[in-house]
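Engineer: fold the following for me, if possible:
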Amino acid sequence: MKSKLGIEVIDAHAHFMTAGSIKAWSQRGRSMASFTKRTQTRTDMKSIELPDENFDAAKKWGDELDRYGVSSVGFMIGPETYDEFMEARKRYPGYFLGYLNVQPTDPEAPKKIRQAAKDGFYGIKLYPSTWRGTHVYSEELYPIYEEVQKQNMVVFCHFGVSIGGDADLRSGNPIDIQIPARDFPDTSFIIAHFGAGFFREVLLMQYQADNVYMDSSGSNIWYKYLPEDLSVKDVFRHALRAGGPDKILFGTDSTFFPRGFRYNILEEQFNALQSLKKDGLVNDEGIAKIFSGNHKRLTGYKPRE
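Structural biologist: Residues are numbered from 1 along each chain as shown. This is a model prediction of the structure:
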C-alpha cells in the first residue's frame, strides 16, 4: 500500500487512547487540567477530544489510515487498553501493531511479555524518563530483556523530556541503554523521538552499539530547548551521517483526536529527506527503509496489501 506521498508508510510509534486511558491517568493522580495546559504549551496540539465510553478508537484509527494510505501503525499499549486493542485488531486485521508498556517494578512483567507475544505483539515500551531510582541497566530489568530476547521482540525506550510533569531526567539519558544493548546483542533497542533532547547521546550510541536505533516520532519540539538551532532537516542530516538510513524508523507519536494521524509530520519529514536526497545524503532506497523497510526488518511484520 502506498500513502498519499507515493511511498509505503508504517508509523512506528503512536498511542491508542481510550476512555480506559483517561480513567487510568486519573487513578494515578494525573490532573487532566495540568496535562491539557502542558500539551497546549509544549506540543502542536491545541484541542483534545477526551475519549468517553462511546468513543470507537478502532474505527477512528482505521478511517485515519485509510484516509492517508498508511499501511499500519504501532501503538504503545498499557493494561487499561489491552482488551480493547485486541478487539480493534480483530476488527481491522493488519492495521495495528502492539507494543506492551512495561513497568520495571512489575514482578509479572516477563509473564505479561510472554502473553503479549502469544497475542501477536511485536515488542515492549519502556519509559525510563519517568522512573525514580531505576535505570534501564538496573539488574531488575534483566529478566525483562531475557524474555524479550526469547520472544524475538524489540524494545522501544522513551528517554529525554516528557509531556508528563512527573519525569525524572536522572533516568532519561539514552547512553544508559549501552550496557543492555551490549549484553543482549540480538535484541533491537529503539530510542523514541530522536532521544527527546538527548540527540547527541543517541548519535553517540550509533557508534557504540550496532543494535540501537532511533525513531523520528513526534513534532520533536525538544530542539527548541537546545542551545543550537536545529531544523527537521538538520536532525535527519546528523542521524544519517551517524547511523545511515538503516538505523531510523519513521513515527508520528499520534495520540488524541481531533488531530488524529499527524500527516503534517509525515509530510514534513518526507520533504526533509527529499531535500537531503538532493544533497546526496540518502537515496530512494534509504527513504523507503526509514518509512517502512526498517520496521518490517526489525519486527518481521508484513503489512496489509
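
Engineer: Gly280 falls within a strand, correct?
Structural biologist: No: the secondary structure assignment for Gly280 gives coil rather than a strand, going by DSSP: H, G, I helix; E, B strand; the rest coil.

Engineer: separation between it and Gly286?
Structural biologist: Applying C-beta to C-beta, to the nearest Å, one obtains 11 Å for the distance of Gly280 from Gly286. C-beta coordinates here come from the backbone N, C-alpha and C atoms, glycine included.

Engineer: pLDDT score assigned to Thr43?
Structural biologist: Per-residue confidence at Thr43 stands at 61 (pLDDT).

Engineer: what's the answer for Leu230, then?
Structural biologist: Reading off the model, Leu230 has pLDDT 94.

Engineer: which ones are touching it?
Structural biologist: Taking C-beta atoms under 8 Å, 6 or more residues apart in numbering as the contact definition, Leu230 lies against Phe199, Tyr223.

Engineer: for the protein, name the helix or strand with the lowest mean pLDDT.
Structural biologist: Taking mean pLDDT, DSSP states H and E as the measure, helix 32-42 is the helix or strand of the chain with the lowest mean score, a mean of 60.

Engineer: and Gly280 and Gly286? Which one has more around it.
Structural biologist: When Gly280 and Gly286 are compared for neighbours, Gly286 comes out ahead with 20 against 7, by other C-beta atoms under 10 Å.

Engineer: next one: that one, what pLDDT does it get?
Structural biologist: As summarised for this prediction, Gly286 has a pLDDT of 98.

Engineer: that one and Gly243: what is the separation?
Structural biologist: 11 Å.

Engineer: for the helix or strand containing Tyr99, C-alpha coordinates in CSV please.
Structural biologist: Taking DSSP states H and E as the criterion, the element that holds Tyr99 is strand 96-101. Coordinates of the C-alpha atoms in strand 96-101 are reproduced here as CSV (Å, rounded to 0.1, in the frame of the first residue of the first chain):
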residue,chain,number,x,y,z
PHE,A,96,-2.5,-2.1,14.1
LEU,A,97,0.8,-3.3,15.7
GLY,A,98,1.1,-3.6,19.5
TYR,A,99,4.0,-2.8,21.9
LEU,A,100,3.4,-3.5,25.5
ASN,A,101,4.0,-0.8,28.1
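
Engineer: what's the helix or strand following it in contact with?
Structural biologist: Sequence-wise, the next helix or strand beyond strand 96-101 is helix 109-118, with elements assigned using DSSP H and E. Contacts to helix 109-118, defined as C-beta under 8 Å, 6+ apart, come from residues 98, 100, 102-103, 106, 124, 143-144, 146-148, 151, 153.

Engineer: now restrict these to buried residues only.
Structural biologist: Among the contacts of helix 109-118, those classed as buried by neighbour count (16 or more other C-beta atoms under 10 Å) are Gly98, Leu100, Val102, Gln103, Ile124, Ile144, Glu147, Val148, Gln151, Met153.

Engineer: widest-spaced pair of those?
Structural biologist: Gln103 and Gln151 (17.8 Å; C-beta to C-beta).

Engineer: that older thread, can you list the buried residues in the helix or strand following the least confident helix or strand of the chain?
Structural biologist: Tracing the chain C-terminally past helix 32-42 and defining elements by DSSP H and E, one meets helix 57-68 next. Neighbour-count burial for helix 57-68, counted by 16+ other C-beta under 10 Å, picks out Ala57, Ala58, Lys60, Trp61, Gly62, Glu64, Leu65, Tyr68.

Engineer: quick one, what contacts the spatially closest residue to Pro128 that is not a sequence neighbour?
Structural biologist: Excluding the flanking residues, the one nearest Pro128 by C-beta to C-beta, 6 or more residues apart in numbering is Ser171, at 4.7 Å. By C-beta under 8 Å, 6+ apart, Ser171 lies in contact with Pro128, Ser129, Thr130, Trp131, Arg132, Thr134, His135, Val136.

Engineer: which residues touch the fifth one?
Structural biologist: What it means is Arg132. Asp168, Ser171.

Engineer: please redo it, this time with the cut-off set to 10 Å
Structural biologist: By C-beta atoms under 10 Å, 6 or more residues apart in numbering, the residues touching Arg132 are Asp166, Ala167, Asp168, Arg170, Ser171.

Engineer: give me the neighbour count for the third one.
Structural biologist: Pointing back at Asp168 there. Counted with other C-beta under 10 Å, the burial measure for Asp168 works out to 14 neighbours.
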